[in-house]
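S.K.: just to be clear, the model below is a prediction. Sequence and coordinates:
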Amino acid sequence: MPPWEFVPRLANPVSLRVPNYSATAVSEPYPERPFPEREDKRSFLQKLAEFIHPGPDSTEELIAALADAEENNVIGTESRVMLEGVIRMADMSAGDVMVPATRMDLLNIDSSIDDLLNVVIETAHSRFPVFDGDRENIIGILMAKDLLKLQRAPEFSVRALLRPAVFVPESKGLNDLLRDFRGNRNHLAIVIDEFGRVAGLITIEDVLEQIVGEIEDEFDIEEDEGDIFGLADRTYRVSGDTSIERVEDAFGVKFADGNETLDFDTIGGLIAHEMGHVPRRGEHHTRSGLHFVVLHTKGGAVKWFKVSAQEP
């Protein structure tokens with residue numbers, strides 16, 4: 001009898017299934033679900049308009065689109081101006097808006113406290129770069145309010161009041177500079193040229209003015225309100241950018257004698273030229289029977305004069 005006939009047979013035979021590990025047979029435990037396509041809710045006319053007039057491809061086209069939006073009363077004039085400022089600022093650098101080094105108001109570390117206070121009062125700035133020896137050697141920034149500490153504690157030195165100066169290259173973008181100003185809470189930076197020399201300074205106000213326009217102070221007025229004002233003491237407040245012809249007509253004087261021609265258009269430019277330096281607050285000058293007192297300067301230019309008739 002063949003030996004295989006003695007092998008017992010199972011009453012209920014069990015079939016053994018060998019799993020198939022081929023890539024095609026294994027099903028994913030979480031099959032990928034296709035994302036539903038977003039419904040395009042634009043109307044046919046909107047699609048046609050976008051096809052005919054696609055979005056702006058350049059800065060100038062974007063600014064033109066803002067002008068169209070203002071014309072269609074979508075945005076206001078102030079919003080349009082601010083948005084344009086933000087767009088244009090992206091292409092500007094610190095060198096474009098800085099105060100040049102020749103117009104910087106600096107403090108000498110070796111000056112007396114009285115001299116420092118006089119400069120602070122005359123210029124009316126809140127922060128000053130401080131140099132030691134050479135004007136290029138800026139060693140820190142002095143806050144005007146910190147000088148008040150010397151009144152109570154004269155034993156303190158000015159050097160102890162200095163704060164670190166921040167230096168930036170001329171090529172630094174205004175967007176990056178504004179981000180740095182906000183991050184380090186510093187509102188003034190010294191601008192350096194490609195040769196490592198001081199090219200000027202820039203403040204957070206200079207950057208913000210590129211967006212919101214000139215930030216007004218107590219001497220600023222609206223453009224349509226005029227540029228010559230009568231004061232109670234029978235003197236006049238005259239804007240530095242007033243034309244020479246207007247000043248001549250208003251006060252009945254002549255700044256040019258005979259065939260003399262002036263190389264300046266504004267009264268501020270003429271007075272600064274004759275003084276021979278950048279005017280400072282409180283300085284005086286007499287010309288053609290008029291007495292000029294510098295009331296306010298900004299960026300090295302005279303913003304306002306106080307004008308009166310010359311004393312006989």
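M.R.: Arrived safely. Numbering: from 1, shown residues only.

S.K.: tell me the pLDDT at residue 83?
M.R.: pLDDT for residue 83: 81.

S.K.: with just CA atoms, put the helix or strand hosting it into CSV.
M.R.: Residue 83 belongs to helix 77-89 when assigned by DSSP states H and E. In CSV, the C-alpha atoms belonging to helix 77-89 read as follows (Å, rounded to 0.1, in the frame of the first residue of the first chain):
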residue,chain,number,x,y,z
THR,A,77,-7.5,110.6,-2.1
GLU,A,78,-5.6,110.2,1.1
SER,A,79,-5.7,106.4,0.8
ARG,A,80,-4.5,106.6,-2.8
VAL,A,81,-1.6,108.9,-1.8
MET,A,82,-0.5,106.6,1.1
LEU,A,83,-0.7,103.5,-1.1
GLU,A,84,1.4,105.2,-3.8
GLY,A,85,3.9,106.1,-1.1
VAL,A,86,4.1,102.5,0.0
ILE,A,87,4.6,101.3,-3.5
ARG,A,88,7.3,103.9,-4.4
MET,A,89,9.1,103.4,-1.1
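
S.K.: got the contact list for it?
M.R.: If you take C-beta atoms under 8 Å, 6 or more residues apart in numbering as the criterion, helix 77-89 is touched by 59, 62-63, 66-67, 69-70, 75, 174-175, 207, 210-213. Every residue, glycine included, has its C-beta placed from N, CA and C.

S.K.: how about those residues, which pair is most distant?
M.R.: Within those, 69 and 207 form the most distant pair, 25.2 Å apart (C-beta to C-beta).

S.K.: okay, these two: which has more neighbours?
M.R.: Shown here are residue 69 and residue 207; by other C-beta atoms under 10 Å, residue 207 has more neighbours (20 against 15).

S.K.: please list all residues in contact with that one.
M.R.: Residues counted as contacts of residue 207 (C-beta under 8 Å, 6+ apart) are 89, 97, 174, 177-178, 181.

S.K.: gap between it and residue 95?
M.R.: 13 Å (C-beta to C-beta, to the nearest Å).

S.K.: equivalent analysis for residue 305, please.
M.R.: 30 Å.

S.K.: neighbour count: those two, which is higher?
M.R.: residue 305 (27 against 18).

S.K.: and the nearest residue to residue 275 once chain neighbours are set aside, what are its phi and psi?
M.R.: In space, and not counting its chain neighbours, residue 275 is closest to residue 285: 5.6 Å by C-beta to C-beta, 6 or more residues apart in numbering. With angles defined as degrees, to the nearest 10, residue 285 sits at phi -160, psi 140.

S.K.: ok, residue 142 next?
M.R.: Phi and psi for residue 142, reported as degrees, to the nearest 10, are phi -110, psi 130.

S.K.: residues contacting it?
M.R.: Each residue near residue 142 by C-beta under 8 Å, 6+ apart is listed here: 107, 116, 127-130, 158, 161-163.

S.K.: among these, the buried ones, what's the PyMOL command?
M.R.: Burial among these is assessed by 16 or more other C-beta atoms under 10 Å; the matching PyMOL selection reads:
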select buried, resi 107+116+127+128+129+130+158+161+162
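
S.K.: which parts of stretch 151-164 are buried?
M.R.: 158, 161-162.

S.K.: JSON lines for the contacts of residue 207, including neighbour count and pLDDT?
M.R.: As requested, the contacts of residue 207 are exported to JSON lines (neighbours: other C-beta atoms under 10 Å; pLDDT from 0 to 100):
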{"residue": "89", "neighbour count": "20", "pLDDT": "80"}
{"residue": "97", "neighbour count": "19", "pLDDT": "86"}
{"residue": "174", "neighbour count": "22", "pLDDT": "90"}
{"residue": "177", "neighbour count": "23", "pLDDT": "91"}
{"residue": "178", "neighbour count": "16", "pLDDT": "88"}
{"residue": "181", "neighbour count": "20", "pLDDT": "89"}
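
S.K.: nearest to residue 240 among those?
M.R.: Distance to residue 240 across the contacts of residue 207 (C-beta to C-beta) is lowest for residue 97, with 19.4 Å.

S.K.: from residue 235, how far off is that closest one?
M.R.: Here the criterion is C-beta to C-beta. By it, residue 97 lies 34 Å from residue 235.

S.K.: got it, and residue 165?
M.R.: Distance, residue 165 to residue 235, using C-beta to C-beta: 40 Å.

S.K.: and for residue 229?
M.R.: Residue 229 is 10 Å from residue 235, by C-beta to C-beta.

S.K.: residue 241 now?
M.R.: 19 Å.

S.K.: who is the closest residue in space to residue 164 that isn't next to it in sequence paired with across the strands?
M.R.: Leaving aside its sequence neighbours, residue 164 sits nearest to residue 140 (C-beta to C-beta, 6+ apart; 6.3 Å). Beta-bridge partners recorded for residue 140 (DSSP bridges): residue 130.

S.K.: report pLDDT for residue 140.
M.R.: pLDDT for residue 140: 93.
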